[in-house]
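Colleague: Pasting a predicted model and its sequence here:
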Amino acid sequence: MSSDRALIIAVPLFVAVLVHVVFLVAIEGEWRTGEATVVAKPKVVQASLVSLNSPKKPTPKPERKPKKKPKPKPKPKPQPTTTPLPKPVAVEPKSPEPKRAHPEPVAEESSQAQKLADLQKELMAGLEELPQAEPSEASDEFDEVQQVAALMQARITQNWRRPPSARNGMEALLTISLVPTGEVVGINLSTSSGSSAFDRSAIAAVERVGQFPEVAVLSISDFERYFRRFPLRFRPEDLRY
Amino acid sequence: MADELSVIELIMGASFTVKLVMAILVAASVTSWFMIVQRVIILQRADTELLDFEDRFWSGMDLAQLYREGSNAIEEGTDITGGEALFRAGFKEFSKLSRQPNMDAEAIVEGSRRAMRVALTRESDRLEHNLPFLASVGSTSPYIGLFGTVWGIMHSFRGLATSSQATLAAVAPGISEALIATAMGLFAAIPAVLAYNRFAARVDALLNRYDAFVDEFSGLLQRQSYAQQGGRVGSRDSGVQGGSSL
């Protein structure tokens, strides 16, 4: 009878603990294998955010395109300095990404976004075929670029004073050229918003910032790829009308 | 971002409140599984015991003999439960009462019936033991888990407020970890609710069978006591008949 009592306690206890241990092990195992995809996905998603946000500065755009178009497109060949890639800035060629199989369209403003998009595609493709290591490496770099882009965006947003004539839906696209120290060497209005005040305010915002020390943390090749020349979009989204 | 965000790491990284909630839920889950398995064993046993006993009871063997066998088993240390416990309670009372002089048949049957009802209550207590706990776990643990989740999410958003750069990566681990609390609550609650419903139905069915057995047995006793009384007091025969038709 005492053995019977013990049975009635020991067996349920054993089964109860067993159920939980098995469940934990199963979850843990599944979680790990699932992890690769779970991690990869957020990264890709982030990347797409980057391509939308970071390269383009957010917010408003004034009408009138005039204002300074300092350096038309061709940048003054910013000092290619140590850049391994000769990448003359002139043609905006962010130079075809060496990595990428297909050369990038030359469209200058879209080049950055395009690159990111391409990179993203590449990443996704890589995830399917390649061992994990590769994507995570690539995405680390991505993270960094994204962070820098976010900081730059914050800096510009802070310095941007929109004219009263700014309206939702206006959009000015600037092309900014940087040197590796982060100094702005070129501001080019590539697409006007249609309001000169707005365009001026956008250009003034970049001028006011003057230098983006953040890019100094990037490797030179990342800098060349993403920030030597990049499009910056000003679009007010928070206005009421 | 760590590629290996294991569940364990997430749990370890949780805040104290969330950890506490998780600990409560794990304890509730383990306990309820313990009780579930225990109930399964006990109800299974009660089931086979009752079938077994009914077989012996209706096999036509002498009831006094059956009673003696039970007494021997008790001496050997076996617990008598279920149908046999009902039988023993009723039979004991019956033989005690019938030994009394001047006992009326109706009173004897009534007395043993009452004894069986007491035994029946004891049986139902034994079978339903712990079921309320399962019911509580089933109904409250999702809320406890939800509390942990809300708390954890509150925390991770508060952290977001102070960081200059709001990225998904800053909040995602906190939310993921907080959601584990809800998952645990559900993990504890679902089996508990299922088990509670199932066991409640089974206990009901068993008690009905016990009830039926009590009725059958008191029918037997009644017949027996009237027979005895009829033999003992022929003169009161007519009165007894009248009583039985009531």
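Modeller: Sure thing, it's come through. Since the structure is predicted, the reported quantities are computational estimates derived from the model, not experimental observations.
Colleague: any idea which helix or strand carries A:Pro206?
Modeller: Actually, residue A:206 is Val rather than Pro. helix A:196-209 (DSSP states H and E).
Colleague: Buried ones in that helix, by neighbour count?
Modeller: A:Ser196, A:Ala197, A:Phe198, A:Asp199, A:Arg200, A:Ser201, A:Ala202, A:Ile203, A:Ala204, A:Ala205, A:Val206, A:Val209 (16 or more other Cβ atoms under 10 Å in any protein chain shown). C-beta here means a position set from N, CA and C on the backbone, and glycine is covered the same way.
Colleague: got it, and stretch A:229-237?
Modeller: For stretch A:229-237, a neighbour-count test (16+ other Cβ under 10 Å) marks A:Arg229, A:Phe230, A:Pro231, A:Leu232, A:Arg233, A:Phe234, A:Arg235, A:Pro236 as buried.
Colleague: Just give the number of residues close to the closest residue to A:Ala16 other than its chain neighbours.
Modeller: Distances taken as Cβ to Cβ, 6 or more residues apart in numbering or on different chains put B:Trp33 closest to A:Ala16, at 3.6 Å, once the chain neighbours are dropped. Applying other Cβ atoms under 10 Å in any protein chain shown, we find 23 other residues in the vicinity of B:Trp33.
Colleague: do B:Gln228 as well
Modeller: Quick note: B:Gln228 (other Cβ under 10 Å) scores 14 neighbours.
Colleague: in which helix or strand would I find it?
Modeller: Assigned by DSSP H and E, B:Gln228 falls in helix B:168-232.
Colleague: For that helix, name the packing helices and strands.
Modeller: Contacts defined by 3 or more Cβ pairs under 8 Å, 6 or more residues apart in numbering or on different chains; DSSP states H and E place helix B:168-232 against helix A:2-53, helix B:7-12, helix B:16-57, helix B:83-99, helix B:105-128, helix B:131-162, helix B:237-244.
Colleague: Indicate which one of those helices is closest to A:Asn159.
Modeller: helix A:2-53 (16.9 Å; Cβ to Cβ).
Colleague: Buried ones in the next helix or strand after the helix holding A:Val206, by neighbour count?
Modeller: Next in sequence after helix A:196-209, counting helices and strands by DSSP H and E, comes helix A:220-222. In terms of neighbour count (16+ other Cβ under 10 Å), helix A:220-222 has its buried residues at A:Ser221, A:Asp222.
Colleague: Can you name the element that comes right after helix A:220-222?
Modeller: Helix A:220-222 is succeeded, C-terminally, by strand A:229-234 (DSSP H and E).
Colleague: and that following strand, which strands flank it?
Modeller: Using DSSP bridges, strand A:229-234 pairs in its sheet with strand A:172-178 (antiparallel).
Colleague: Neighbouring strands - and their directions - for the next helix or strand after the strand it pairs with?
Modeller: Note on strand A:172-178: by DSSP H and E, the next helix or strand toward the C-terminus is strand A:184-191. Note on strand A:184-191: by DSSP bridges, its sheet partners are strand A:172-178 (antiparallel).
Colleague: what's the angle from the helix holding B:Gln228 to helix B:16-57?
Modeller: On the basis of axes from the mean of the first three to the mean of the last three Cα atoms, to 10 degrees, helix B:168-232 is oriented at 20 degrees to helix B:16-57.
Colleague: quick check: angle from helix B:168-232 to helix B:131-162?
Modeller: Going by the same axes, to 10 degrees, helix B:168-232 makes 170 degrees with helix B:131-162.
Colleague: what is the orientation angle of helix B:168-232 with helix B:83-99?
Modeller: Using the same axes, to 10 degrees: helix B:168-232 against helix B:83-99 is 30 degrees.
Colleague: Distance from the chain centre to helix B:168-232, please.
Modeller: How far helix B:168-232 lies from its chain's middle: 5 Å, per Cα atoms, centre = their mean, to the nearest Å.
Colleague: pLDDT averaged over it, what's the number?
Modeller: What helix B:168-232 shows for mean pLDDT is 88.
Colleague: ok, now stretch A:177-196?
Modeller: Rounded mean pLDDT across stretch A:177-196 is 85.
Colleague: would you turn the buried residues of helix A:196-209 into TSV with distance to chain B?
Modeller: Formatted as TSV, these follow (distance: Cβ to the nearest Cβ, whole Å):
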residue	distance to chain B
A:Ser196	33
A:Ala197	30
A:Phe198	27
A:Asp199	28
A:Arg200	28
A:Ser201	24
A:Ala202	23
A:Ile203	25
A:Ala204	24
A:Ala205	19
A:Val206	20
A:Val209	16
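Colleague: so which of those would you say is closest to B:Thr162?
Modeller: So of those, ranked by how close each gets to B:Thr162 (Cβ to Cβ), first place is A:Val209, at 24.2 Å.
Colleague: Now do the same contact list for B:Gly159.
Modeller: Counting by Cβ atoms under 8 Å, 6 or more residues apart in numbering or on different chains, B:Gly159 makes contact with B:Ala170, B:Val171, B:Gly174.
Colleague: Tell me where the model's unsure across chain A.
Modeller: A:1-3, A:31-141, A:238-241 (pLDDT under 70).
Colleague: B:Ala85 touches B:Glu123, doesn't it?
Modeller: Yes: taking contacts as Cβ atoms under 8 Å, B:Ala85 lies within contact range of B:Glu123: 6.4 Å.
Colleague: Okay, domains of chain A per the record?
Modeller: Listed domain ranges for chain A are A:1-33, A:50-234 (source: automatic domain parsing).
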